[in-house]
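In: From the sequence below, what's the structure:
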Amino acid sequence: MNAQLLRGQKALVTGANSGIGKATAIALGRAGADVVVNYVVGPDEAEKVVEQIKAFGVRSYAHEADVSNEGQVVEMVARMVKELGTIDIMVANAGLQRDSSLVDMTLAQWQKVIDVNLTGQFLCAREAAKEFMRRGIVPEVSRAAGKIICMSSVHQIVPWTGHVNYASSKGGVGMMMQTLAQELAPHHIRVNAIGPGAIRTPINRDAWETPEAEAELLKLIPYQRVGDPEDIADAVVAMASDLMDYVVGATLYVDGGMTLFPGFATGG
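Out: Here you go, the predicted model:
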């Protein structure tokens, strides 16, 4: 991505010390943005990401916060505005899984996933939108007053047995994103989502780590490769830039064709 594409902008990425969040934070820094690296566990990993971002000649720092905790999200964004002056890009990436069959799933497993994956994105979007609306458009920085990018999943639209909490959270993210986009568009705030498919991250290591597991996974991917975190990161940078200024309320699936129902490729 162009090193000047996001020059002068300020970005916050939640869950940014590993996987997709880490790659995204680094890519935003490479594109010229100052980046806040949010994490909830793993401070050493977060600091390593910060150092990689600073190597691009931009500002960065790590901030510990649980996105499902309202007070911590409010404080996180307030600190960013104080230290960096504002926020231009909110990437609501933090997410987790607590997998179980329906009949064995506890209320705690259900609630934790909903709290982090859905409520956490709501809280981050709300706090970012407040600053976007307060500041308005700064033409020399961006054509938009602000950008909110929700990290969703192919499971926003693809059911997933054994993962009802996760799939429900991502389905909720899709409708939340569209509703926020509708509400905030008149303020020139762009809200969109990225829907990753199978990506090589720690959260799904069992699905791709061995040749046997990868071969099975590739049956679901027409493009015949498992995605890398950088595939998602590049999509986020593009979505956050003025190159996509007229894209509002859309989910970009970055999935190698997983949402093309590959089981029907031979006629079903």
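In: Would you mind confirming that Asp206 makes contact with Ala213?
Out: Yes. With contact defined as Cβ atoms under 8 Å, Asp206 and Ala213 form a contacting pair (6.5 Å). In this view, the C-beta of every residue, glycine as well, is placed from N, C-alpha and C.
In: So the two - more neighbours on which side?
Out: Ala213 (15 against 8; other Cβ atoms under 10 Å).
In: What's the separation between the more buried one and Ala198?
Out: Look at Ala213 and Ala198: by Cβ to Cβ, to the nearest Å, they are 11 Å apart.
In: Overlap in contacts, the two.
Out: Shared contacts of Ala213 and Ala198 (Cβ atoms under 8 Å, 6 or more residues apart in numbering): Ala207.
In: one step back: who touches both of Asp206 and Ala213?
Out: Counting by Cβ under 8 Å, 6+ apart, Asp206 and Ala213 have no contacts in common.
In: got any ranges where the stretch 101-250 of the chain has weak pLDDT?
Out: Within the stretch 101-250 of the chain, the ranges that satisfy pLDDT under 70 run 208-209.
In: Helices along that one, start to end?
Out: Assigned by DSSP state H, counting those that start in this stretch, the stretch 101-250 of the chain shows helices spanning 107-114, 120-135, 164-184, 211-218, 229-240.
In: and those as a markdown table, adding distance to Val35?
Out: Output for the helices of the stretch 101-250 of the chain, formatted as a markdown table (distance: least, Cβ to Cβ, whole Å):
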| stretch | distance to Val35 |
| --- | --- |
| helix 107-114 | 26 |
| helix 120-135 | 14 |
| helix 164-184 | 22 |
| helix 211-218 | 31 |
| helix 229-240 | 11 |
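In: Of the ones you listed, which is nearest Ala78?
Out: With respect to Ala78, and counting by Cβ to Cβ, the nearest of the helices of the stretch 101-250 of the chain is helix 120-135 at 8.0 Å.
In: what's the most buried one of the helices of the stretch 101-250 of the chain?
Out: Per residue and on average, the most neighbours among these fall to helix 229-240, with a mean of 22 (mean count of other Cβ atoms under 10 Å).
In: and it, C-alpha only, in CSV?
Out: Extracted C-alpha coordinates of helix 229-240, given in CSV (Å, rounded to 0.1, in the frame of the first residue of the first chain):
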residue,chain,number,x,y,z
PRO,A,229,-3.5,-11.5,8.1
GLU,A,230,-1.9,-9.1,5.6
ASP,A,231,-4.7,-9.9,3.1
ILE,A,232,-7.1,-8.4,5.6
ALA,A,233,-4.8,-5.6,6.6
ASP,A,234,-4.5,-4.4,3.0
ALA,A,235,-8.3,-4.4,2.7
VAL,A,236,-8.6,-2.3,5.9
VAL,A,237,-6.1,0.3,4.6
ALA,A,238,-8.0,0.6,1.3
MET,A,239,-11.3,0.9,3.1
ALA,A,240,-10.0,3.5,5.4
